[in-house]
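Novice: Predicted coordinates and the sequence they were generated for:
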Amino acid sequence: MTTPARPAAFVRRPSPRLSEGLVTHIERSDDVDPDLALTQWQGYVDALRAAGYTTVEVDPAPDCPDSVFVEDAMVVAGDLAVVTAPGAPSRQPETDGARAAAVAAGLTVVDLTDAPVEGTIALDGGDVLKVGDTAYVGVGGRTTEAGAQALAHHLATVGRTVVPVQIRKTLHLKSQVTALPDGTVVGYEPLVDDPAAWPSFLAVPEPEGAHVVVLGGQTVLMSDQAPQSAQLFRDRGWEVVAVPIGEFVKLEGCVTCLSVRLHDTD
Ligand SMILES: CN(C)C(=N)NCCC[C@H](N)C(=O)O
């Protein structure tokens with residue numbers, strides 16, 4: 001067992017079948033380019049490394065078109081990894097590799113479904129937005145009420161509290177909002193179910209501007225498809241690393257979905 005130096009991030013190489021990935025809230029694009037996707041994925045991984053992350057590759061799952069969106073297969077809080085129960089049947093085989101990687105990384109690994117909860121337990125990691133000791137969980141798309149309750153059961157063991165949030169407009173909660181360390185929730189208003197539900201909401205001018213990965217310090221990673229939002233973050237004192245991820249956006253992905261981050265304080 002080799003525990004990666006932190007900050008670390010799990011990533012998963014795109015499947016050659018990426019273009020067959022699921023789309024729910026957007027129109028299917030007929031020009032997903034697997035070679036360009038691989039180049040963009042490598043650029044994303046390089047950006048994490050340049051920011052000081054140790055990247056750990058989860059074994060590829062070539063038969064799972066959406067497996068590059070590794071965030072959906074596990075939720076990590078501190079040293080605990082909760083292997084999820086993806087809401088889409090085609091994505092359920094992705095969890096075996098995620099579990100193996102989490103075990104190999106020396107994390108304490110539990111299965112979401114091992115929880116004393118009634119009802120159908122389903123949850124995608126993209127529905128879990130962590131802000132301090134709170135995990136907001138989007139319910140209504142891929143994640144069920146029982147899934148949120150099961151996550152609450154597991155995260156309670158590491159002192160975290162789950163707050164369910166109903167979602168309707170987007171695939172995942174993190175498709176509509178992400179958060180800065182001070183609790184500011186960032187979103188593109190037309191795609192946010194209820195901006196007023198967030199105590200500190202920052203509206204950005206582009207859909208892709210809603211997705212930030214805080215790399216530590218004052219740096220955020222985001223898509224290069226949101227230049228005005230990037231400027232807004234710069235004006236607020238953030239350094240922005242912008243990466244091209246357009247091939248993944250065509251499949252309803254964003255910067256958060258392409259990795260699972262492990263921080264000392266997470
Ligand atoms: C925060 N987001 C958006 C995610 N964590 N995952 C995106 C998964 C996209 C995939 N085609 C699907 O439909 O499952």
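Specialist: In hand now; what should we look at? Numbering: from 1, shown residues only.
Novice: only C-alpha atoms for contact and neighbour calcs from this point on.
Specialist: Will do.
Novice: closest point of the protein to the ligand, which residue?
Specialist: With distances taken as CA to the nearest ligand atom, the chain approaches the ligand most closely at residue 126, which sits 3.3 Å away.
Novice: Could you verify that that residue is part of a helix?
Specialist: Yes: following the definition DSSP: H, G, I helix; E, B strand; the rest coil, residue 126 is counted among the residues of a helix.
Novice: can you pull the contacts of residue 55?
Specialist: With contact taken as CA atoms under 8 Å, 6 or more residues apart in numbering, residue 55 is in contact with 8-11, 45, 48-49.
Novice: Among those residues, name the buried ones.
Specialist: 8-11, 45, 48 (16 or more other CA atoms under 10 Å).
Novice: of these, closest to residue 104?
Specialist: The shortest distance between residue 104 and any of the buried ones among the contacts of residue 55, using CA to CA, involves residue 10 and amounts to 11.5 Å.
Novice: how near is the closest one to residue 31?
Specialist: For residue 10, the distance to residue 31 (CA to CA, to the nearest Å) stands at 27 Å.
Novice: how many neighbours does residue 257 have?
Specialist: By the other CA atoms under 10 Å criterion, the neighbourhood of residue 257 contains 22 residues.
Novice: Would you confirm that it contacts residue 70?
Specialist: Yes: the pair residue 257 and residue 70 qualifies as a contact (CA atoms under 8 Å) at a distance of 6.2 Å.
Novice: rewinding a little: and the residue of the chain closest to the ligand, how many residues sit next to it?
Specialist: 27.
Novice: quick one, what contacts it?
Specialist: Residue 126 sits in contact with 71-72, 172-175, 256-257, where contact means CA under 8 Å, 6+ apart.
Novice: Ends of stretch 24-33, what's the gap?
Specialist: Stretch 24-33 stretches 19 Å from its first residue to its last (CA to CA).
Novice: and it, how far out from the chain's middle?
Specialist: Centroid separation for stretch 24-33 versus its chain: 20 Å, with CA atoms, centre = their mean, to the nearest Å.
Novice: Now do the buried residues in it.
Specialist: Judged by neighbour count (16+ other CA under 10 Å), stretch 24-33 contains these buried residues: 28, 32.
Novice: How about stretch 103-121?
Specialist: With the criterion 16+ other CA under 10 Å, stretch 103-121 contains buried residues 103, 105, 107, 109-113, 115, 117, 121.
Novice: Could you find the closest non-adjacent residue to residue 30?
Specialist: When the adjacent residues along the chain are set aside, residue 30 lies closest to residue 19, with 8.0 Å between them (CA to CA, 6 or more residues apart in numbering).
Novice: surely the one you found meets residue 63?
Specialist: No: here residue 19 lies out of contact with residue 63, judged by CA under 8 Å, at a distance of 11.8 Å.
Novice: Brilliant, that's me finished.
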